[in-house]
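In: Mind looking at a prediction? Sequence and model below.
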Amino acid sequence: MRTLQRQRGVAVITALLLTTLAITIVGSLFWQQQVQVRSIENQRLQLQKQWILRGALDWARLILGEDKRIGNRYGDIDHLGEPWAVPLAETRLDQYVEKERAGDVPDAALSGGITDAQARYNLRNLCVNGQINDQEVTRFGKLLTLIGANPGLSRSTAVLMQSAQRRTQTAGGTPVAAAATDATPLPMDMQHVDDLLAVPGFTPEILEKLRNFVVVLPPEVTKINVNTAPAEVIAAKVDTLSLAEATSLVAARQNRPFQSVNDLPLQSGANRDGLDVRTGYFFVNGNVRLNRAGMEMQALIKRDSVSRQTVLWIREY
């Protein structure tokens with residue numbers, strides 16, 4: 001009788017252990033399936049967000065092309081009163097985005113806008129083909145002073161850019177890369193504003209103050225658009241101009257944009273070589289919100305003509 005009772009107890013315990021093991025295995029399978037479903041769901045949302053932002057980018061290119069084609073009542077100039085400069089408020093895209101399940105509450109929205117990249121100081125102007133431009137170093141130093149940063153960082157930035165560029169020299173009248181035969185490795189060239197953190201002395205706090213005033217455009221010297229640039233950038237670009245005078249210029253252009261750089265009420269002999277009233281580079285910023293996920297995008301577009309707007313790079317966050 002005792003032996004029979006022991007066998008029954010062992011059978012009960014074995015059955016409980018097998019039941020627990022089966023439940024654990026089934027639970028683990030259900031969990032793995034849920035993780036895989038959620039992963040596929042996230043990938044689908046990611047692709048939908050990317051396609052929405054790419055569609056918005058194509059729409060921005062169309063707007064810039066039409067702006068170049070029809071011009072404006074002030075002529076072939078670019079200013080903040082044009083349609084491209086109007087930001088897009090958060091717009092719901094309910095009827096355009098396929099929902100996950102029938103009966104879901106729609107939650108898809110797009111916002112963003114186009115901004116003038118040549119409203120900012122181009123850091124490429126500091127050094128071209130390995131040659132530091134001392135005048136531009138002084139101007140960038142003035143901009144740093146206006147935002148409360150150390151103007152000496154201007155020279156440090158130019159030196160870093162010089163070390164990253166391949167100096168050119170003339171051999172038989174043909175420009176060649178002097179560093180092409182040099183075995184010394186070159187540091188990476190500056191591509192984005194965030195690369196300023198590689199310059200000794202720059203901190204994230206200084207970078208945030210400077211972010212909306214500088215840009216890194218493709219390897220060419222560019223001018224700033226006085227119809228879109230902030231007062232700090234205009235004051236830095238014109239050697240004899242104070243911040244108060246530049247603020248007055250910004251206020252004056254709100255009534256009527258400048259049609260040429262000669263319309264600027266500057267002192268006699270003031271430099272106008274770095275100023276313009278037209279723009280060739282634009283930023284396109286987009287923010288899409290889809291269900292529980294969101295994504296931001298920034299793209300740089302070069303507008304060469306009415307039919308050609310080239311996307312130079314795209315960054316997604």
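Out: Looks like it arrived, so ask away.
In: List the residues that contact residue 278.
Out: Contact partners of residue 278, counting by CB atoms under 8 Å, 6 or more residues apart in numbering, are 76, 77, 78, 225. Every residue, glycine included, has its C-beta placed from N, CA and C.
In: so can I have CSV of those residues showing pLDDT and neighbour count?
Out: Formatted as CSV, the entries for the contacts of residue 278 read as follows, by pLDDT from 0 to 100; neighbours: other CB atoms under 10 Å:
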residue, pLDDT, neighbour count
76, 81, 10
77, 91, 18
78, 93, 28
225, 96, 27
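In: Could I get the full set of helices for the stretch 101-250 of the chain?
Out: With DSSP state H, counting those that start in this stretch as the definition, the stretch 101-250 of the chain shows helices at residue ranges 134-146, 153-164, 204-210, 231-237, 243-253.
In: Burial-wise, tell me which of the ones you listed comes out on top.
Out: The highest mean neighbour count among these belongs to helix 231-237 (a mean of 24), with neighbours defined as mean count of other CB atoms under 10 Å.
In: Might you calculate how far it sits from the centre of the chain?
Out: Using CA atoms, centre = their mean, to the nearest Å, we find the averaged C-alpha position of helix 231-237 to lie 21 Å away from the chain's own average C-alpha position.
In: So what touches it?
Out: Residues beyond helix 231-237 that count as contacts (CB under 8 Å, 6+ apart) turn out to be 119-121, 139-140, 142-143, 146-147, 213, 224, 226, 229, 241-243, 245-247, 249-250, 274-275.
In: swap the cut-off to 7 Å and go again
Out: Contacts of helix 231-237 from elsewhere in the structure, counted by CB atoms under 7 Å, 6 or more residues apart in numbering, are 119-121, 139-140, 142-143, 146-147, 213, 224, 226, 241-243, 246-247, 249-250, 274-275.
In: How about stretch 190-203?
Out: Here stretch 190-203 makes contact (CB under 7 Å, 6+ apart) with 123, 150, 153, 156-157, 160-161, 164, 207, 211, 214-216.
In: So for it, what gets flagged as buried?
Out: Judged by neighbour count (16 or more other CB atoms under 10 Å), stretch 190-203 contains these buried residues: 190, 193, 195, 196, 199, 202.
In: shaky segments in the stretch 51-200 of the chain?
Out: Counting by pLDDT under 70, the stretch 51-200 of the chain has low-confidence residues at 72-75, 94-106, 166-187.
In: all strands of it, in order?
Out: 88-92, 108-116, 121-122, 127-128, 131-132, 168-171, 174-177 (DSSP state E, counting those that start in this stretch).
In: Pairing partners for the third one, with directions?
Out: Think strand 121-122. strand 214-215 (parallel) (DSSP bridges).
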